[in-house]
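> Return atomic coordinates for the entry below.
(2 chains)
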Amino acid sequence: MAMTLHVDIVSAEAEIFSGTATMVFAPAEMGEVGVAPRHAPLVTRLNPGEVRVQTQEGDELSFFVSGGLLEVQPHVLTVLADTAIRADDLDEAQAQEAKARAEKMLSDKSADIDYAKAQAELAQSIAQLAAIKKLRERM
Amino acid sequence: MAGAKEIRTKIASIKNTQKITKAMEMVAASKMRKAQDRMLATRPYAQKIQNVVSHLSHAHPEYHHPYLAHREAKRVGLVVISTDRGLCGGLNINLFKSVITSMKEWDAAGLAIDLTLIGTKGNAFFKRFGGNITASAGNLGDAPSIVELIGTVKVMLDAYEQGNIDRLYLAHNVFENTMSQHPVIKQLIPVTGEVDEQLQTHWDYIYEPDSKPVMDALMIRYIESLVYQGVVENIACEQAARMVAMKSATDNAGNLIDELQLIYNKARQAAITQEISEIVSGAAAV
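Here you go, the predicted model:
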């Protein structure tokens, strides 16, 4: 029996592939790597590109990843695929947006506060009406 | 006859409400199934990345990542995941209660708190409650993508790296089953991995290009995946809680209708009796 390694390709949102393979090719940051069983432990980042998996039956499956990480153990290979295109400046822009949202939310006095205030006023008026009603009954 | 018509209108209006709550219950039930599937779909990634992180803590890289280092806490960060919509029973309130309890404890220990809020209910609550809100996200929908969370999480990670916060926690609801969800607050940073004692041999990975960028990328994804998992799980909780809340609302409406129906019947009967006795006494008088 030919030597195999177990391959898991997963993204944060779903499992993409899980099975055995005789050889895997992945677009590592420093250039494409081919991983055969009993490879030395390796961790590397991936560039966007194609991960190719050669199965025991001799088929070649290919998966597109938009980046991520590759972890290799002698008989286990894990691809942690990104679903989003990642770049430092893109991430930074997202972070700025999240901050802006918080500031906008805090400065936006209209929506919820008004509702809470209206509710408080309503409760007060109801109490007043009840008091007036009681007074009238007594008279 | 005392308000037979009013009672009839009231019954009709409660019936309408019941139809709405019944529909909401069924929608929530079907959404819950999808949310549960989505929750299960995130498990493999979380498990794998957890494995890699725990392997890494056994390997002996020359670069020690700051997320693994414990430092004395002066300021803590808290990511609170709430729902976008209401009508889901006490789900959000229970979460906020436990968050406030923890916040009071930290406050008593002299720790300042930075908040990051995910979900519009949390935004509305903490806006009124107060607190230092550094970032927020909302309206993620039923199938959130991790892209929408990257920025929100990065604000906290940056704060940690710059030393503005010394610990990061995540608060969300845990889905146990359809009937029970409970809030948890867990520590994200410093990373508390389970230490597997069997793997104490000295070995290390080959890092390409270098251990630092690889570790950075890995750790950021690890934290993001934990937050994403929390969000997805919270959505499953939301749908389950809404389903239960709407079911009890429908049942209550049914009880109310039965009671009103009884009152209506009595009123109707009383009116008929009165009418007959009037006719009889009128005939006798003639």
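> Could I get the phi/psi values of B:E176?
Here is the backbone geometry of B:E176 (degrees, to the nearest 10): phi -90, psi -60.
> Quick check: which ranges of chain A have low pLDDT?
A:1-2, A:84-85, A:87, A:109-120, A:139 (pLDDT under 70).
> can you list the domains in it?
What automatic domain parsing lists as the domains of chain A is A:5-87, A:90-138.
> Looking at those domains, which is nearest to B:D142?
For the domains of chain A, the distance to B:D142 is smallest for domain A:5-87, at 13.2 Å, taking Cβ to Cβ. C-beta coordinates here come from the backbone N, C-alpha and C atoms, glycine included.
> The closest one close to chain B?
Yes. On the criterion Cβ under 8 Å from any Cβ of the partner chain, domain A:5-87 is in touch with chain B at A:8, A:10-15, A:18, A:28-30, A:33, A:40-45, A:68-69, A:71, A:73, A:78, A:80, A:82-84, A:86.
> if you look at these, which of them are in helices?
Among these, no member falls in helices (DSSP state H).
> Show the buried residues in the residues you listed.
A:8, A:10-13, A:15, A:28-29, A:33, A:41-45, A:68-69, A:71, A:73, A:78, A:80, A:82-84, A:86 (16 or more other Cβ atoms under 10 Å in any protein chain shown).
> How about the residue in chain A that chain B sits nearest to, nearest residue that isn't a chain neighbour?
With Cβ to the nearest Cβ, the shortest gap between chain A and chain B falls at A:Q94, namely 2.8 Å. Nearest residue to A:Q94 in three dimensions, chain neighbours excluded: B:G151, at 2.8 Å (Cβ to Cβ, 6 or more residues apart in numbering or on different chains).
> What of A:A95?
Nearest residue to A:A95 in three dimensions, chain neighbours excluded: B:K154, at 4.0 Å (Cβ to Cβ, 6+ apart).
> And for B:T178?
Closest to B:T178 by Cβ to Cβ, 6+ apart is B:A240, at 4.9 Å.
> Could you do A:G67 as well?
Nearest one to A:G67, counting by Cβ to Cβ, 6+ apart, is A:D82 at 4.3 Å.
> Contacts only, for the one you found.
Contact analysis of A:D82 by Cβ atoms under 8 Å, 6 or more residues apart in numbering or on different chains lists A:11-12, A:65-68, B:221.
> same thing but at 7 Å, please
A:65-68 (Cβ atoms under 7 Å, 6 or more residues apart in numbering or on different chains).
> Please narrow the buried ones among the residues of domain A:5-87 next to chain B to those residing in strands.
If you go by DSSP state E, those have A:8, A:10-11, A:15, A:28, A:33, A:42-45, A:68-69, A:71, A:73, A:78, A:80 in strands.
> Can you give me the pLDDT of whichever residue of chain B sits closest to chain A?
At 2.8 Å from chain A, B:G151 is the closest residue in chain B, using Cβ to the nearest Cβ. With respect to pLDDT, B:G151 scores 87.
> following the host helix or strand of it, which helix or strand comes up?
B:G151 is part of helix B:147-161 when elements are defined by DSSP states H and E. Next helix or strand after helix B:147-161 toward the C-terminus (DSSP H and E): strand B:167-175.
> Same question for that following strand: list its buried residues.
Neighbour count says strand B:167-175 has B:167-173, B:175 buried, by 16+ other Cβ under 10 Å.
> residues from the stretch 51-200 of chain B in reach of chain A?
For the stretch 51-200 of chain B, the residues in contact with chain A (Cβ under 7 Å from any Cβ of the partner chain) are B:52, B:123-124, B:127-128, B:133-137, B:145-147, B:150-152, B:154-155, B:158.
> list the helices and strands the helix holding B:G151 packs on?
helix A:88-107, strand B:75-81, strand B:112-118, strand B:132-137, helix B:211-285 (3 or more Cβ pairs under 7 Å, 6 or more residues apart in numbering or on different chains; DSSP states H and E).
> okay if I get the ones you listed as JSON lines plus distance to B:Q36?
Below are the helices and strands packed on helix B:147-161 laid out as JSON lines (distance: least, Cβ to Cβ, whole Å):
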{"stretch": "helix A:88-107", "distance to B:Q36": "28"}
{"stretch": "strand B:75-81", "distance to B:Q36": "17"}
{"stretch": "strand B:112-118", "distance to B:Q36": "20"}
{"stretch": "strand B:132-137", "distance to B:Q36": "23"}
{"stretch": "helix B:211-285", "distance to B:Q36": "5"}
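> Who are the contact partners of B:R8?
Counted by Cβ under 7 Å, 6+ apart, B:R8 has contacts B:Y264.
> what helix or strand is it on?
helix B:4-58.
> what angle separates that helix from strand B:167-175?
In terms of direction (axes from the mean of the first three to the mean of the last three Cα atoms, to 10 degrees), helix B:4-58 departs from strand B:167-175 by 130 degrees.
> Sheet-wise, list the partners of the worst-scoring helix or strand of chain B on mean pLDDT with their directions.
Across the helices and strands of chain B, mean pLDDT, DSSP states H and E gives its lowest value to strand B:206-208, namely a mean of 84. If you go by DSSP bridges, strand B:206-208 pairs up with strand A:42-54 (parallel).
> what does the partner strand contact?
A:7, A:9, A:17, A:21-29, A:60-72, A:79, B:205-208, B:213-214, B:217.
> Can you give me the neighbour number for B:N94?
15 (other Cβ atoms under 10 Å in any protein chain shown).
> For B:N265, grab the count of nearby residues.
12.
> With B:M26 instead?
Neighbour count for B:M26, taken as other Cβ under 10 Å: 13.
> Now do the same for it: its pLDDT.
Confidence score, pLDDT, at B:M26: 94.
> and it, how far is that from B:I279?
B:M26 sits 50 Å away from B:I279, taking Cβ to Cβ, to the nearest Å as the criterion.
> Same check on B:S57?
Taking Cβ to Cβ, one finds B:S57 at 93 Å from B:I279.
> So the two - more neighbours on which side?
B:S57 (17 against 10).
> where in the stretch 151-286 of chain B is pLDDT low?
B:193-202.
> count of neighbours near residue 88?
Just so you know, I chose chain A. Neighbour tally, A:D88, other Cβ under 10 Å: 8.
> meant chain B, my bad for not saying
For B:C88, using other Cβ under 10 Å, the count is 23.
> correct me, but it touches B:M243?
No. Using Cβ atoms under 7 Å, B:C88 is not in contact with B:M243, being 8.8 Å away.
> Which strand residues bridge the residue nearest to A:T22 when sequence neighbours are not counted?
Once flanking residues are discounted, A:T22 sits nearest to A:Q54: 5.2 Å by Cβ to Cβ, 6+ apart. On the basis of DSSP bridges, A:Q54 is bridged to A:M23, A:E60.
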